[in-house]
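Colleague: the following comprises the amino acid sequence and a computationally predicted model.
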Amino acid sequence: MAADGHAGGTDESGLEKPAGFGDFPLQQFLGMELTGDEPGEGFAHLDVGSDHLNPNGVVHGAVLFALVDTAMGKSTMSMLDEPGRYCASIEVALRFIRPAVAGRLTATATVVKRGRNVVHLEARVVGDDERLVATAAGTFAILGD
C-alpha cells in the first residue's frame, strides 16, 4: 500500500511510491510508533535505546529529525482523502532545545495550512517528563494522481 492507503506504484515522474506510510523500514529500525486519527494531527513515539545515542550519550539529532519528519508525514496524510495522493517533505527546520538521553519521546505535528499542493506544519518533541526537546517547522508537497 502507498502512503495514501493504495497499492504502491510509480508517480507521474516515474519515481516509485512508498509501499506503506505506516510501515516502512526506517520506522521499524528506529522503533517508532505512529498514532493519531484526527485530521491535521500526527504523532510519532520512540522509546530511547542505546542505538539512538550519539557518541556523547544523547539522542542523535538525526533520530529526532526522523521522528519529526515522520509525525509531519502522518499529519499531512491525515488531510489527504483523494485516492492516489501522497506526500513528501520539501523542507524541515529543526531547533534543538535540550538533549534527550532516555525515556519516551513524542513528536506532535500539526497542519498549519493546507494548500492544493503544499502543506505547512509545526511540530514539537517532548520527553516523557513533558519537557520540550525540540521544535520544528516543515513544508510538505502533495503528490500523486
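Modeller: Cool, the structure landed. Residues are numbered from 1 along each chain as shown.
Colleague: quick one: G103 and R131 touch, right?
Modeller: No. Assessed by C-beta atoms under 8 Å, G103 is found out of contact with R131, at 9.9 Å. Using the backbone N, CA and C atoms, a C-beta is placed for each residue, glycine as well.
Colleague: partners of the helix or strand hosting G42 in the sheet?
Modeller: Secondary structure assignment for G42, by DSSP states H and E: strand 41-47. Paired neighbours of strand 41-47 in the sheet (DSSP bridges): strand 33-35 (antiparallel), strand 104-114 (antiparallel).
Colleague: now mean neighbour count too, for these, in JSON lines please.
Modeller: Formatted as JSON lines, the strands paired with strand 41-47 follow (neighbours: other C-beta atoms under 10 Å):
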{"stretch": "strand 33-35", "mean neighbour count": "15"}
{"stretch": "strand 104-114", "mean neighbour count": "19"}
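Colleague: skipping adjacent residues, who's closest to the most centrally placed residue in the chain in space?
Modeller: Per C-alpha atoms, centre = their mean, the C-alpha nearest to the average position across the chain is that of T70, at 1.4 Å. Spatial nearest neighbour of T70, excluding adjacent residues (C-beta to C-beta, 6 or more residues apart in numbering): A44 at 4.5 Å.
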